[in-house]
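Student: Turn this into a model:
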Amino acid sequence: MKRIRPDRCRGASDSRLPSPIPARVYRTLDEEVKRRYHPIPPRYERLPAFCLFLYAVAAVCLILLIIQSGSVAFSDWFNLHISAPLRAFLAALTAPLPFSLGEFTVLLLPLVLVVTLRHAIRRRCDSWRTAGVFIGVLISVLLSFFSVFVLNFSAGYRNSTLDVKLELEQKQVSAEDLADTARILVRHLNEEAGKLGFERDGFSVMPYSLAEMNDRLSDAYAAFCSSHDFIRNNAGQPKPVLVSEILSYMHITGVYSFFTGEANINVNFPDYTTPYTAAHEMAHQRGIAREDEANMVAFLVCIGSDDSYIRYSAYLNMYEYVANALYSADANRYRTIHAELNSATRGELSAYNRFYEKYRDSAASKVSDAVNNTYLHTQQVSHGTRSYGMVVDLTVAWYKAYPEK
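Tutor: Numbering: from 1, shown residues only. Okay, here's the model as predicted:
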């Protein structure tokens, strides 16, 4: 810690003083010395009242999190009656912004930290006391994110599972079950593909803008939420991410910013992935936290849409999950069913493999997967990132219950 030696110091036996110096010491200096230094404002030597408030809120939220973890019924109630209004408020607050506030927050965070630390070192942290106050302020800000997470989103990881809400009977899935489900999806894909346009590179083309897609998905969610009492609709719509290319290397197609209420989507991926990804993030935005459940809700919302491309997106994304599981269980049966798929959709899947090749083994994806896996485990998702693929079990159970859908 840097120290300075003043010319004179009344009332002090040690002539070595910190620079800047506490106000109580500054007042004892001669006028000539005062011109060379400045006092530390007293407010920098104690924790602001607002920070104490944030600590108190975090303590309450910790208690709420413990109760959520121990009571499914409480989590169900909390997610619908406390978290849902907060999610709706945040979504409405950030919806008018033409950009993702969550993305900008993350991108600007390093710069803000550097500027804040530089200012603290030069102007505020001139004693152990002021340094402790500064650290206390930073911790209170971090705890505010924790509090928003608990109030906004955490109950969705601890409430009733989607199979219970949809009254589905989940059993051990056999290769025959997977084959039956894959055939249903292939039938729907063959029906929808004939209504779409495909580029020479093999990809289908979404026949409208992202804004129009959002409107169609909002209509589909309004219909779904009105017929299911476990989910509350809100005005939130997906926003494109500026750093989509970077997210592609991280294998991230979308992310929900719980602290801003925004659903963010990677627009670097092929069109056919976009509606389903957007619907997945919108499911998070409406309180469906578990990844397999967000996948399933997105699927049900999309196939209930009046739009052919949105339905096609859902069927094809779900077919990829089911087909991969079927290939692992019975490769010959997979090949037989895959051959029944129309040539345009098979070409789209081949085009996707070519597109994805440069992102497949990136170092960023390994780090991202490890972080996401750790996060999911902390939220009582025992299968971690493997939970995304568990939507296959839900889909098989759904088509067993509703084979005509």
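
Student: Please make it C-alpha for all contacts and neighbour counts, starting now.
Tutor: OK.

Student: And what about Asp361, helix, strand or coil?
Tutor: Following DSSP: H, G, I helix; E, B strand; the rest coil, the label given to Asp361 is coil.

Student: Return the backbone torsion pair for it.
Tutor: Dihedral pair for Asp361: phi -110, psi 30, per degrees, to the nearest 10.

Student: Can you give me the neighbour number for it?
Tutor: 13 (other CA atoms under 10 Å).

Student: what's the distance between it and Asn324?
Tutor: 19 Å (CA to CA, to the nearest Å).

Student: Rounded mean pLDDT for stretch 270-283, please.
Tutor: When pLDDT is averaged along stretch 270-283, the result is 98.

Student: residues in contact with that stretch?
Tutor: 203-206, 213, 217, 236-238, 253-256, 263-267, 289, 294-295, 297-299, 301-302, 309-310, 312-314, 316-317, 352 (CA atoms under 8 Å, 6 or more residues apart in numbering).

Student: redo that, cut-off 6 Å
Tutor: Residues outside stretch 270-283 that contact it (CA atoms under 6 Å, 6 or more residues apart in numbering) are 206, 238, 256, 263, 294-295, 298, 310, 313-314.

Student: Helices - which of those land there?
Tutor: Secondary structure defined by DSSP state H assigns 294-295, 298, 310, 313-314 of the contacts of stretch 270-283 to helices.

Student: Most neighbours among these, please name it.
Tutor: Asn295 (30 neighbours).

Student: ok, that residue - contacts?
Tutor: Asn295 sits in contact with His280, where contact means CA under 6 Å, 6+ apart.

Student: roughly how far apart are it and Glu281?
Tutor: Counting by CA to CA, the gap from Asn295 to Glu281 is 9 Å.

Student: how is this structure carved up into domains?
Tutor: Domain assignment for the chain by automatic domain parsing gives 3-40, 45-157, 168-401.

Student: count of residues packed around Phe269?
Tutor: Residues contacting Phe269 under the criterion other CA under 10 Å number 19.

Student: again, but for Asp201
Tutor: There are 11 residues near Asp201, going by other CA under 10 Å.

Student: same question, Met206
Tutor: With other CA under 10 Å as criterion, Met206 counts 21.

Student: Just give the nearest non-adjacent residue to it, would you?
Tutor: Asp271 (5.8 Å; CA to CA, 6 or more residues apart in numbering).

Student: what are the ranges of the helices in the stretch 251-400 of the chain?
Tutor: 274-285, 291-303, 308-329, 331-338, 343-356, 363-378, 391-401 (DSSP state H, counting those that start in this stretch).

Student: May I see the buried residues of the second one?
Tutor: Across helix 291-303, burial judged by 16 or more other CA atoms under 10 Å covers 291-303.

Student: What is the nearest of those residues to Ser140?
Tutor: Glu291 (29.4 Å; CA to CA).

Student: Roughly how far does the closest one sit from Ser308?
Tutor: From Glu291 to Ser308 the distance is 25 Å (CA to CA).

Student: hmm, back to that, out of the helices of the stretch 251-400 of the chain, flag the one nearest Glu191.
Tutor: The nearest among these, by CA to CA, is helix 308-329 at 8.9 Å.

Student: I'd like the mean pLDDT over the closest one, please.
Tutor: Mean predicted confidence for helix 308-329 is 96.

Student: Where does the prediction get shaky in the stretch 1-150 of the chain?
Tutor: Along the stretch 1-150 of the chain, segments meeting pLDDT under 70 span 1-45, 120, 122-128.

Student: can you give me the strands for it?
Tutor: Assigned by DSSP state E, counting those that start in this stretch, the stretch 1-150 of the chain shows strands spanning 3-4, 17-18, 21-22, 39-40.

Student: which residues does the residue nearest the centre of the chain bridge with?
Tutor: The centre of the chain sits closest to Tyr256, judged by CA atoms, centre = their mean, with a distance of 2.9 Å. On DSSP bridges, the residues paired with Tyr256 through beta bridges are Ala263.

Student: and it, what is it in contact with?
Tutor: 262-264, 281.

Student: now do 7 Å
Tutor: Applying CA atoms under 7 Å, 6 or more residues apart in numbering to Tyr256 gives the contacts 262-264, 281, 284-285.

Student: Equivalent analysis for Val392, please.
Tutor: 321-322.

Student: Just the pLDDT at it, thanks.
Tutor: What the model reports as pLDDT for Val392 is 93.

Student: follow-up on the earlier one: out of the domains of the chain, indicate the one that is most buried.
Tutor: domain 168-401 (a mean of 19; mean count of other CA atoms under 10 Å).

Student: Quick check: end-to-end length of that one?
Tutor: Using CA to CA, the end-to-end distance of domain 168-401 comes to 7 Å.

Student: same thing with stretch 224-239?
Tutor: 21 Å.

Student: shaky segments in the stretch 201-350 of the chain?
Tutor: Residues of the stretch 201-350 of the chain that meet the criterion pLDDT under 70 are absent altogether.
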